[in-house]
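Participant: Predicted model and sequence follow; I will ask about them next.
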Amino acid sequence: MRNTRGRSVRRSLEISAGFFDKLSVLNAGSIAVAASVTIAIIARPDLISSQFRSIVHGLVVIVFLLWASLICAVIRNFLSAIIAVFDAKYSDIEIVRRATRKGLAIARNNVSANDKVVVDQLERDAEKEPFQKQTRIVKRQRILHQCANVLGYASILMFLAAYTIVAFFLFRLW
């Protein structure tokens, strides 16, 4: 069950990381264009009218939104990388647990009935710490995944807000 779920979560993170990489590039390019337009407007004193001042203020808001969207997208992808590291740690522990169970199963088959109690106790002791580690990993992954989702949605919303303001000013200029 965990393997199938783990693979689907991992695949989802890979796909969304690619999306947020592209969003980061769009944000960075848009910031560069907005900065160039702002400098061009400010550099021409004949364009400094009240209408263009409001456009410059709008451009500042747009750049802020794009910058915030960029930061959220980058942090979101960073969290995704940490989630992948936790997933690898979980898998490493699972391999050790399986090997331990198989080894103890072989031991159980080759000992007397009295010694099976000892093997059962060994199995419980051997499972306790790895299981606790895996539980902590899963909890951390869930928290990071929720944070990554929130940052992803925030990044998209700020990007859309920035381009909505662009559309508003283009309509106003028209």
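Facilitator: That came through fine.
Participant: What is the subsequent helix or strand relative to the helix or strand bottoming out on mean pLDDT in the chain?
Facilitator: Lowest mean confidence among the helices and strands of the chain (mean pLDDT, DSSP states H and E): helix 2-43, at a mean of 76. As assigned by DSSP states H and E, the chain's next helix or strand after helix 2-43 is helix 50-109.
Participant: Can you give the distance of the helix or strand just after that following helix from its chain's centre?
Facilitator: Remark: after helix 50-109, the chain's next helix or strand is helix 113-173, criterion DSSP H and E. Computed by C-alpha atoms, centre = their mean, to the nearest Å, the chain-centroid distance of helix 113-173 equals 8 Å.
Participant: and helix 113-173, what does it pack onto?
Facilitator: Counting by 3 or more C-beta pairs under 8 Å, 6 or more residues apart in numbering; DSSP states H and E, the packing neighbours recorded for helix 113-173 are helix 2-43, helix 50-109. For glycine as for every other residue, the C-beta is placed from the backbone atoms N, C-alpha and C.
Participant: Can you add distance to F171 and give those helices back as TSV?
Facilitator: Formatted as TSV, these follow (distance: least, C-beta to C-beta, whole Å):
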stretch	distance to F171
helix 2-43	16
helix 50-109	12
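Participant: now the least confident helix or strand of the chain and helix 50-109, what's the angle there?
Facilitator: Here the directions of helix 2-43 and helix 50-109 differ by 160 degrees (axes from the mean of the first three to the mean of the last three C-alpha atoms, to 10 degrees).
Participant: any low-confidence regions in this protein?
Facilitator: 1-7, 9-10, 45-52 (pLDDT under 70).
Participant: that older thread, now render the helices and strands packed on helix 113-173 as CSV, adding mean neighbour count and distance to G152.
Facilitator: Below are these laid out as CSV (neighbours: other C-beta atoms under 10 Å; distance: least, C-beta to C-beta, whole Å):
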stretch, mean neighbour count, distance to G152
helix 2-43, 14, 6
helix 50-109, 16, 5
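Participant: Contacts for stretch 78-85, please.
Facilitator: V9, R10, L13, S16, A17, Q141, L144, H145, C147, A148, L151 (C-beta atoms under 8 Å, 6 or more residues apart in numbering).
Participant: what do you get for stretch 22-39?
Facilitator: Here stretch 22-39 has contacts from 56, 59-60, 62-63, 66-67, 69-70, 73-74, 77, 155-156, 159, 162, using C-beta under 8 Å, 6+ apart.
Participant: same thing but 10 Å
Facilitator: Stretch 22-39 has contacts (C-beta atoms under 10 Å, 6 or more residues apart in numbering) with 20, 55-56, 58-74, 76-77, 152, 155-156, 158-159, 162-163, 166.
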